[in-house]
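[1] The following block contains a protein sequence and its predicted model.
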Amino acid sequence: MAALPVRDDRRIVLHLDYDCFYASVFEVERPALKSQPLAVQQKQIVVTCNYEARRRGLHKLQLIKDAKRICPEVVIVLGEDLTKFRDASKDIYHFIRSFIWGGRVERLGFDELSLDVTEMVDYNMNLLNQSNIKSSFFHLDKSDPTVGFTYNATGFHGFTNPPQEQESSESANNLSTLGMRLLIGSHLLSHLRSKLEYEKGFTATGGVSTSKLLAKLVGSVHKPNQQTTLIPPYEMDDNTESNVIGFLDSHEIQKIPGIGSRLAQKLRAKVTGQDTGDGKVTVRDVRLHPNMGPPLLEKTLGGPGAAKGIGQRIWGVLHGVDNTEVMEGRDLPSQISIEDTYGRGRLDNIESVRRELTVLTKSLLRRMRTDLVDRGELNAEKPRWLAHPRTLRLSTRPRNPPEIDGTRTYNANRTSRSAPLPSLVFNLDENLDSLAERLVQDHVMGMFRKLHTERSGWDLGLLNIAVTNMVESAGDQKQSSGRDIGKMFRQQETVLREWTVYESDDPPKLTPDVKAVEQCGWQDEDEDEDEDPPLLSIECSICGAPIPHFAQQAHALYHVSEEN
DNA sequence: GAGACACAG
DNA sequence: TCTTCTGTGTCTC
């Protein structure tokens, strides 16, 4: 019998999942839609629909024509442009984060949040007045004791898992410390959900436990607009069953976050014995399989490409152990990409490819300006780039050629090429159309020809254009959370070394210069006293990047080299 | 760093 | 037909 992994239950984690998010965004915009069946369309697919539509038999990822047949009254809105969803998602994220001490709020996709509320819960736990527990006050602000809300601490808010027996009002007295902390967390979650609904118009489903994994899983038990707390006992001993194990055990293996289709397939094959791996296999089936433990899991799931230590990790997950922290959320994305899909024959010649790439590239440049440029309050300041992506990437998905019998199989695989992102894209004075055309003409088409060397004969199902390798421009300190100081100094050393090479070389070589300049995007004034040495810099008048003194000449050279 | 892949909503 | 339009993280080279 393999040793049981150890769970750390010191943290309290809340999980929030906005109900049918895309549909809700339209409902907030036009409240009359709330009473109607509503579906959001991307291409020929219903990507999500509201609960009124679900009552009538619609569901996610359904073909539009099936949806119309099943529910002819359905209101269909187009959701291929994600701008308003992204904006709403960001707005909700900032709203919720404004309540949370320490800012440990992590976004997963557009519609989910994990919150580490340990500090808030423990603070309020210590202030509980045992003599008047029915009308307790939850403090949301340490420095202002009037800020908060009243709550009844004799019971959990919302559902518990497993369901609690009908008990007297003294039930809170019998709770363990962990139970009491989870209870307080459940009231905070309820408050956040109310605020979200009444101030922003979005309902959400929530979960309370001690890790991202468990809070998310338990949150999905009662949907929509409900919340569930996974209650103790969490540990197993001679007299008690662990509720964590009991809760997890009945889940199908693929329902567990982090176990996707590939891992699930391998696990099902192992447990059912050399099957293609189809039947329903639960966490319990895997956990209790003969000789199961980290080594066997490593052997089953490992191999080329698999993450190392996967056996240990999955063994933990099967026991509800997830010690990954809730990270402080980033304000800047690490990548921006735009893609579109195309029907057969739509993209089989170079001119149509160029046309579509120009459309996508223009959207990408617009996204970069909205997401990476700080225009300041009331447009008083000069706009400046908060981050400079260093890499441009083009991906395509070719259609499979027809089989002998004429049928085509679907090809899910993408293929990609990357190149340095030319700095002309940071010029805020040039309009998007001409910028996009220059970028496609001078850079993207070359990457496309590297991807598809054949003159013709291809038929593409998808184009994706992305900027990656984001380098934050330090400077706006309050916005650039969580920057890696160690990495900064490592990069700084690289830049300095490159510069030294340049200085001592007789003829200036272009390659090292470009390299040095590319790495200078993050550089800025250093205001912190303890970070030495302070590096002065100025802003480039062409691209707005903060440039350290020593790199100014090289940076200017870079722009000159861009001109041809 | 480039490119592929796994996983997520 | 693992569908849409993204985004993050990790592996191998």
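    Right, received. Where do you want to start? Residues are numbered from 1 along each chain as shown, chains lettered A, B, ... in the order given.

[2] A:Phe110 should be in a strand, yeah?
    No - using DSSP: H, G, I helix; E, B strand; the rest coil, the secondary structure at A:Phe110 is coil, not a strand.

[3] Hmm, A:Ser89 and it touching each other?
    Yes - in terms of Cβ atoms under 8 Å, A:Phe110 counts as a neighbour of A:Ser89; the distance is 4.1 Å. Backbone N, C-alpha and C define where each C-beta goes, glycine included.

[4] the more surrounded of these two?
    A:Ser89 (20 against 17; other Cβ atoms under 10 Å).

[5] List the residues that contact the more buried one.
    A:21, A:107, A:110-111 (Cβ atoms under 8 Å, 6 or more residues apart in numbering).

[6] Test for you: state the pLDDT assigned to it.
    For A:Ser89, the model assigns a pLDDT of 96.

[7] DNA strand C contacts on chain A?
    Residues of chain A lying near DNA strand C by Cβ under 7 Å from any atom of the strand: A:42-45, A:47, A:61, A:63, A:80, A:82, A:86, A:109, A:261, A:304-309, A:327, A:330, A:333-341, A:407, A:409-410, A:412, A:464.

[8] filter these down to the ones close to DNA strand B.
    Within those, those near DNA strand B by Cβ under 7 Å from any atom of the strand are A:109, A:261, A:305.

[9] Let's have these in JSON lines, adding distance to A:Lys68.
    Output for these, formatted as JSON lines (distance: Cβ to Cβ, whole Å):
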{"residue": "A:Gly109", "distance to A:Lys68": "27"}
{"residue": "A:Ser261", "distance to A:Lys68": "30"}
{"residue": "A:Gly305", "distance to A:Lys68": "42"}
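
[10] element containing A:Leu394?
    strand A:387-398 (DSSP states H and E).

[11] Out of the residues of chain A next to DNA strand C, which end up buried?
    Buried members of these, scored by 16 or more other Cβ atoms under 10 Å, are A:42, A:45, A:47, A:86, A:327, A:333, A:336, A:338-341, A:464.

[12] can you give me the strands for the stretch 51-200 of chain A?
    For the stretch 51-200 of chain A, the strands defined by DSSP state E, counting those that start in this stretch cover A:62-63, A:75-78, A:105-108, A:112-116, A:136-139, A:148-151, A:159-161.

[13] Deepest in the core, which of these is it.
    strand A:112-116 (a mean of 24; mean count of other Cβ atoms under 10 Å).

[14] one step back: narrow the residues of chain A next to DNA strand C to those in helices?
    Of these, the ones assigned to helices by DSSP state H are A:86, A:261.

[15] Touching, A:Leu214 and A:Ile231? I think so.
    No - the pair A:Leu214 / A:Ile231 is not scored as a contact, 11.3 Å apart, by Cβ under 8 Å.

[16] can you list the domains in chain A?
    Annotated domains of chain A cover A:13-210, A:250-318, A:336-472, A:485-562 [automatic domain parsing].

[17] which residues touch stretch A:56-75?
    Here stretch A:56-75 has contacts from A:33, A:36-39, A:41, A:44-49, A:53, A:76, using Cβ under 8 Å, 6+ apart.

[18] one more time with 10 Å, if that's ok
    A:20, A:23, A:26, A:30, A:32-33, A:36-55, A:76 (Cβ atoms under 10 Å, 6 or more residues apart in numbering).

[19] Which of those are buried? Put it as a ChimeraX command.
    To isolate the buried members of the contacts of stretch A:56-75 in ChimeraX, using 16+ other Cβ under 10 Å:
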select /A:20,23,26,33,37,38,39,40,41,42,45,46,47,48,49,50,51,52,53,54,76
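
[20] Could you list which of the contacts of stretch A:56-75 belong to strands?
    A:38-42, A:45-49, A:76 (DSSP state E).

[21] residues making contact with stretch A:144-153?
    A:124-125, A:127-130, A:132-141, A:157, A:169, A:172, A:175, A:180, A:183-184, A:186-188, A:190-191, A:194-195.

[22] Would you mind giving me the ChimeraX syntax to select the buried ones in the residues you listed?
    Selecting only the buried entries of those in ChimeraX, with 16+ other Cβ under 10 Å as the criterion:
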select /A:124,125,128,133,136,137,138,139,140,157,172,175,180,183,184,186,187,188,190,191
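
[23] buried residues in the helix or strand hosting A:Val244?
    Per DSSP H and E, A:Val244 falls inside helix A:243-249. Residues A:243-245, A:247-249 are the ones in helix A:243-249 that count as buried (16+ other Cβ under 10 Å).

[24] Now do that helix: everything it contacts.
    Contacts for helix A:243-249 (Cβ under 10 Å, 6+ apart): A:4, A:7, A:9, A:160-162, A:209-211, A:213-214, A:217-218, A:221, A:230-236, A:242, A:255-256, A:282-288, A:317-321.

[25] Among those residues, which lie within helices?
    A:213-214, A:217-218, A:283-287, A:317-318.

[26] Give the rounded mean pLDDT of stretch A:241-260.
    96.

[27] residue contacts, whichever residue of chain A sits closest to DNA strand B?
    With Cβ to the nearest atom of the strand, the shortest gap between chain A and DNA strand B falls at A:Gly260, namely 2.4 Å. A:Gly260 sits next to A:Gln254 when contact means Cβ under 10 Å, 6+ apart.

[28] Contact partners for A:Lys20?
    Just to correct that, residue A:20 is Cys rather than Lys. A:26-27, A:38-40, A:48-54, A:60, A:111, A:203, A:223-224.

[29] so where's the stretch 151-300 of chain A uncertain?
    A:166-173, A:274-278 (pLDDT under 70).

[30] returning to what we had before: what's the most buried one of the domains of chain A?
    Ranked by mean neighbours (mean count of other Cβ under 10 Å), the domains of chain A are led by domain A:13-210, with a mean of 17.

[31] Relative to DNA strand C, how far out is A:Arg417?
    15 Å (Cβ to the nearest atom of the strand, to the nearest Å).

[32] any idea which helix or strand carries that residue?
    Going by DSSP H and E, A:Arg417 is part of strand A:415-420.

[33] Note down every partner strand of that strand and its orientation.
    Sheet pairing of strand A:415-420 (DSSP bridges) gives strand A:387-398 (antiparallel).

[34] could you dump the strand it pairs with to PDB, C-alpha only?
    Listed next in PDB are the C-alpha coordinates belonging to strand A:387-398 (Å, rounded to 0.1, in the frame of the first residue of the first chain):
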ATOM      1  CA  ALA A 387       4.800  45.700 -22.200                       C
ATOM      2  CA  HIS A 388       6.600  44.800 -25.400                       C
ATOM      3  CA  PRO A 389       6.000  41.400 -26.900                       C
ATOM      4  CA  ARG A 390       9.300  40.200 -28.500                       C
ATOM      5  CA  THR A 391       8.000  37.400 -30.800                       C
ATOM      6  CA  LEU A 392       5.500  37.100 -33.600                       C
ATOM      7  CA  ARG A 393       4.000  33.700 -34.300                       C
ATOM      8  CA  LEU A 394       1.900  32.500 -37.200                       C
ATOM      9  CA  SER A 395       0.000  29.200 -36.800                       C
ATOM     10  CA  THR A 396      -2.100  27.300 -39.400                       C
ATOM     11  CA  ARG A 397      -4.200  24.200 -39.400                       C
ATOM     12  CA  PRO A 398      -4.100  22.400 -42.700                       C
END
